[in-house]
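> need a 3D model of the sequence below.
(chains A, B, C and D)
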Amino acid sequence: MAEKELAPGPRVRLAVLEEVLNLCRANSLWPMTFGLACCAIEMMAAGASRFDLDRFGAGVFRPSPRQSDLMIVAGTIAKKMAPTIVTLWEQMPAPKWCIAMGNCAISGGPFEYDGQYAIVPGADLIVPVDVYVPGCPPRPEALIQGFLALEDKITKGEKRNVLRRFKRSIVKNR
Amino acid sequence: MTNQMLEPITEQTYYLNMGPQHPSTHGVLRLFLKLDGEYIVEADPIIGYGHRGHEKMAESHLYEQFLPNSSRMDYLSGLLFNHGYVAAVEKMVGIEVPPRAEYIRVICAELNRISSHLLWFGTYVMDLGGFTPFLYCFDDRENILDILDHVSGSRLTYSYCRFGGVAKDIDDEFISATRQFIQRLRSRWDDYHNLVTKNVIFIHRAKDVGVINRELALRFGCTGPILRGAGVAYDIRKAEPYSVYPEMDFEIPTGTAGDALDRYMVRLQEMEQSLRIIEQALDRLPDGPIKAAVPHKVRPPKGDYYFAVESARGALGFYIVSDGTSYPYRLKARVPSYGNLQVLTDVLPGTLVADTISILGSIDIVVPEVDR
Amino acid sequence: MSLEDLREALSKIVDATDIFPRDYQKDGCVLEIRAEADKLEAVAEAAREADFFLECITGLDFTNGLQVIYHFNAFSNLSRVLVRVQLVRNQTLSTISSIYDAAIWYEREVFDLFGIHFDNHPDLRRILLPEDADFHPLLKDFGKVHAFRSTEEIYDEPDA
Amino acid sequence: MTNQVLHDFVYVGVFLVVGIIFAVIPIVIAWFIGGRSSGVKRAETYESGMPAIGSAWVQFSVAYYIYALIFLAFDVDVLYLFPVALAYDKGFVVRDFIEVVIFISILSLAIIYAWRKGVFTWQRRS
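Next up, the predicted model:
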């Protein structure tokens, strides 16, 4: 992918306002229903009753990219599907993040060998990825760990995310 | 002549991509619809967005290395695909599988079939607008995934069946959890029937919608619940008995009209039959080894072999051409969803766009299985 | 039994030497028929009369030409029939999509992955690969494969 | 025009201006502090990730137009109920209730008529 031209930031940056907005964005991520393969089933299981994503405000799966601010690339990216993924990414409004879920989205996973003609080995070749969730498919808990990591990335630190009760960092005083 | 001039020259048909990213296409299927208002004039399912090249991959990998691929084609009935592939290679090499392993395979295969039907039930009713059954079904499905996770280590993409048997023996905890699950799911049937089957909106959305009769199923090569919904009692477990299914007594539920409601009822009854199979298999579980002695690298003799298994979506067949080495010369997976999906090109024209969702949901396809 | 009337219907089309009974337990099909390319439609017509459905069409690539395998099966026990058509390198095959609609997609897939053309096919275009792909992946000279054999090495009995 | 009347119009004027300002300010704020996304396909119509083929300005069936008419029948109905709600139970409670019921039933005749004519059923063409 060409050197990623940074999306132009907001015209006026107010630090305190930005921080408050990030706190709200982090705790109400709206993912886009966009399952490619096996990881989509684990994403649905994460959204269902046992591993409820709604505990983190992220359970509202929006079908259209216009109303979502998180794209979860869950599954193998076929070469025929790659332009569509880029189109969907570009059609998402500004503060947007991307989780590459599963080994296929991270690096082609079990289908990457020399002589592979059909898949794009990794979502970061076509879209800027923020959080990688490894696994084949990753368990729903791993996806939730990915969500928490993304929330920390948005609020730039777990301690600043005052609205969150689940501590991700195992080490006490990281 | 005069009103000829007034004739407005405007395009009538409207092209719509029910495209790769759509909540109700269960994966990356693209339905290219030619619409006239609400009615579909022509439907062309365009596939290939989930194509990974399994068959090319098989030609440069050992038989053992293709094991994980087999359950990633149709990840909802991963264990059934696993069982199909492993049984095909065993038949080629002539490995004798110990009875205990056969029983374990049947128990886990039927559990996997139930979990696939439960997921279909949840997403189908969610496509038609009801969100609560989705949560009920995933709650039940998580129980099955725990049971299978306990014994095979993975929730969705299993490599539990190995050449000559299974990877790990089942213990009492597995058996008691399965028996508990059977009781629990049996108590759920009337919940599901009250919640969905007796719901008048669901009946209106599913009755006489997407009628696929025997002749259409024969022309398009549809198998599985679609064929049984049309009234044909064709099930590979009875037509070409394999493993220990001949010793199990179970019926094959069939529908009459072949519409979406019949396919729905067939799948629900199939889940009950699977519960019966699991119960009988648990009662007659023999002791003994769980894996036969198998050479490290399996080397089937020359020739071509076809082995069919009943997956949750229909007749799954593995056609393997072997050249005597430990690499398959050609491996073709005859997947049921390929034929099941193609029937849409004949069923959809003339129906409403809203019916497309109901028909596609009732056919229950998995896209990476169609695309291989 | 639909298999019997298919067998004697076929014996009228293909000469008897090309019909081999096969043992189901050993390799999954009950009957194998070796048909030439021009007899294919007649065989498919006979299968359709005998109430068989088209299970799948598979392409095979050998050093001495290509092979297309048609599997027919019936809604009854143990009745899978295998029809083998031997082709030279870029010989075209006639379509059977007018008899079996399932063949439309199967033939498109064989064309897409092997490059075998089926003439008077309703819309022969790629089905799995992107439209602008210019290669046929399952041919043995594409990409990495383990071996490239000839038919004699795989099937013991000499080619009829 | 006595200044009492002019005085009343001031209220209306102020209400109008505040309304407009109240609408414009969030747009302006969003224009300043909102993030901006970039990309070639950003402004294209979203059609499940595919480029839209053909235009949407085609002739479509009249059934949609009838749906709009029926919606209008009830929408206007609600419009008239606003002033009624203000002057509802100031004495004559029973009379007002009956009047409103008559008013709504007459208007809902349009819906019943359309229902009988089968406007709401979409026949499935074979």
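> and the residue of chain D closest to chain B?
When scored by CB to the nearest CB, chain D has residue D:48 as its residue closest to chain B, at 2.8 Å. In this view, the C-beta of every residue, glycine as well, is placed from N, C-alpha and C.
> test my guess that that residue contacts residue B:30.
Yes: at 7.4 Å, residue D:48 counts as touching residue B:30 under the criterion of CB atoms under 8 Å.
> so what sits against both of the two?
Taking CB atoms under 8 Å, 6 or more residues apart in numbering or on different chains as the contact rule, residue D:48 and residue B:30 both touch B:17-20.
> from those residues, pick the one nearest residue B:168.
Proximity of the shared contacts of residue D:48 and residue B:30 to residue B:168 (CB to CB) peaks at residue B:20, which lies at 37.8 Å.
> find the nearest non-adjacent residue to that closest one, please.
residue B:28 (4.2 Å; CB to CB, 6 or more residues apart in numbering or on different chains).
> quickly find the element holding that neighbour.
Residue B:28 belongs to no helix or strand when assigned by DSSP states H and E.
> looking at it now. What's its pLDDT?
With respect to pLDDT, residue B:28 has a value of 92.
> please apply the same query to residue B:1.
42.
> among the shared contacts of residue D:48 and residue B:30, which two are most distant?
Longest span within those, CB to CB: B:18 and B:20, 9.4 Å.
> for the chain, just list every one of the strands.
Picked chain A for this. Under the criterion DSSP state E, strands of chain A are mapped to A:31-32, A:70-74, A:97-101, A:131-133.
> switch to chain C, please.
Secondary structure of chain C by DSSP E: the strands cover C:19-21, C:31-35, C:52-62, C:65-74, C:81-87, C:93-94, C:118-119.
> so who does the closest residue to residue C:7 other than its chain neighbours touch?
Nearest non-adjacent residue to residue C:7, counting by CB to CB, 6+ apart: residue C:31, 6.5 Å away. By CB under 8 Å, 6+ apart, the residues touching residue C:31 are C:3, C:6-7, C:19-22, C:81-82.
> equivalent analysis for residue B:138, please.
Going by CB under 8 Å, 6+ apart, residue B:138 touches A:44-45, A:48-50, B:118-119, B:122.
> try it again with 10 Å
Listed by CB atoms under 10 Å, 6 or more residues apart in numbering or on different chains, the contact set of residue B:138 reads A:41, A:44-45, A:47-51, B:115, B:118-119, B:122-123, B:145.
> OK, now which residue of the stretch 251-372 of chain B is nearest to chain A?
residue B:368 (4.8 Å).
> quickly note the distance from that residue to residue B:263.
Between residue B:368 and residue B:263 the computed distance is 22 Å (CB to CB, to the nearest Å).
> and residue A:22, by the same measure?
With CB to CB as the criterion, residue A:22 and residue B:263 are 48 Å apart.
> skipping its backbone neighbours, what lies nearest the residue of chain D closest to chain B in space?
Nearest one to residue D:48, counting by CB to CB, 6+ apart, is residue B:19 at 2.8 Å.
> also residue C:149?
Using CB to CB, 6+ apart, the nearest residue to residue C:149 is residue B:323, at 5.0 Å.
> near chain A, which residues of chain C?
C:126, C:128-133, C:135, C:137, C:142-145 (CB under 10 Å from any CB of the partner chain).
> how about a cut-off of 6 Å?
Proximity of chain C to chain A (CB under 6 Å from any CB of the partner chain) is limited to residues C:130, C:137, C:143-144.
> give the buried subset of the residues you listed as a PyMOL selection command.
To isolate the buried subset of the residues of chain C next to chain A in PyMOL, counting by 16 or more other CB atoms under 10 Å in any protein chain shown, use the following:
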select buried, chain C and resi 130+137+143
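> closest to residue B:242 out of the residues of chain C next to chain A?
For the residues of chain C next to chain A, the nearest to residue B:242 is residue C:137 (31.2 Å; CB to CB).
> is the closest residue to the residue of the stretch 251-372 of chain B closest to chain A other than its chain neighbours in a helix, a strand, or coil?
Closest residue to residue B:368 apart from its sequence neighbours, by CB to CB, 6+ apart: residue B:50 at 4.1 Å. Of the three states, residue B:50 takes coil according to DSSP: H, G, I helix; E, B strand; the rest coil.
> residues near residue B:50, how many?
28 (other CB atoms under 10 Å in any protein chain shown).
> follow-up on the earlier one: now the contacts of residue C:31 in JSON lines, with neighbour count and pLDDT?
Compiled in JSON lines, the contacts of residue C:31 are given as follows (neighbours: other CB atoms under 10 Å in any protein chain shown; pLDDT from 0 to 100):
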{"residue": "C:3", "neighbour count": "17", "pLDDT": "80"}
{"residue": "C:6", "neighbour count": "23", "pLDDT": "84"}
{"residue": "C:7", "neighbour count": "18", "pLDDT": "84"}
{"residue": "C:19", "neighbour count": "17", "pLDDT": "84"}
{"residue": "C:20", "neighbour count": "14", "pLDDT": "84"}
{"residue": "C:21", "neighbour count": "10", "pLDDT": "85"}
{"residue": "C:22", "neighbour count": "18", "pLDDT": "85"}
{"residue": "C:81", "neighbour count": "25", "pLDDT": "92"}
{"residue": "C:82", "neighbour count": "24", "pLDDT": "92"}
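> coming back round to it: what subset of the residues of chain C next to chain A is also close to chain B?
C:137, C:144.
> from the residues of chain C next to chain A, pick the one nearest chain D.
Of those, the one sitting nearest to chain D (CB to the nearest CB) turns out to be residue C:130, at 13.2 Å.
> next one: the lowest-mean-pLDDT helix or strand in chain D to chain centre, how far?
Using mean pLDDT, DSSP states H and E, helix D:63-86 stands out as the lowest-scoring helix or strand of chain D, at a mean of 84. The gap between where helix D:63-86 is centred and where its chain is centred comes out at 9 Å by CA atoms, centre = their mean, to the nearest Å.
> buried residues in the helix or strand just after that helix?
Once helix D:63-86 ends, the next helix or strand along the chain (criterion: DSSP H and E) is helix D:93-117. Going by neighbour count (16+ other CB under 10 Å), the buried part of helix D:93-117 is residue D:114.
> check which helices and strands helix D:93-117 sits against.
When contacts are defined as 3 or more CB pairs under 6 Å, 6 or more residues apart in numbering or on different chains; DSSP states H and E, helix D:93-117 packs onto helix D:63-86.
> which other helices and strands contact the helix it packs on?
So helix D:63-86, by 3+ CB pairs under 6 Å, 6+ apart, packs with helix D:93-117.
> now do the helix it packs on against helix D:63-86, angle only.
180 degrees (axes from the mean of the first three to the mean of the last three CA atoms, to 10 degrees).
> quick one: mean pLDDT for helix D:93-117?
87.
> where does pLDDT dip in chain A?
Along chain A, the model assigns pLDDT under 70 to residues A:1-6, A:169-174.
> can you name the residue of it nearest chain B?
Closest point on chain A to chain B, by CB to the nearest CB, is residue A:48, at 3.4 Å.
> count of neighbours near residue D:7?
9.
> for it, helix, strand, or coil?
helix.
> how about residue B:269?
Taking three-state DSSP, the label given to residue B:269 is helix.
> tell me the contacts of it?
Counting by CB atoms under 6 Å, 6 or more residues apart in numbering or on different chains, residue B:269 touches residue B:253.
> chain neighbours aside, what residue packs nearest to the residue sitting nearest the centre point of chain C?
In chain C, the C-alpha nearest the mean C-alpha coordinate belongs to residue C:69, at 2.3 Å (CA atoms, centre = their mean). Closest residue to residue C:69 apart from its sequence neighbours, by CB to CB, 6+ apart: residue C:58 at 4.4 Å.
> for the closest residue to residue B:255 other than its chain neighbours, give its distance to chain C.
Once flanking residues are discounted, residue B:255 sits nearest to residue B:262: 2.7 Å by CB to CB, 6+ apart. Residue B:262 is 17 Å from chain C, where distance means CB to the nearest CB, to the nearest Å.
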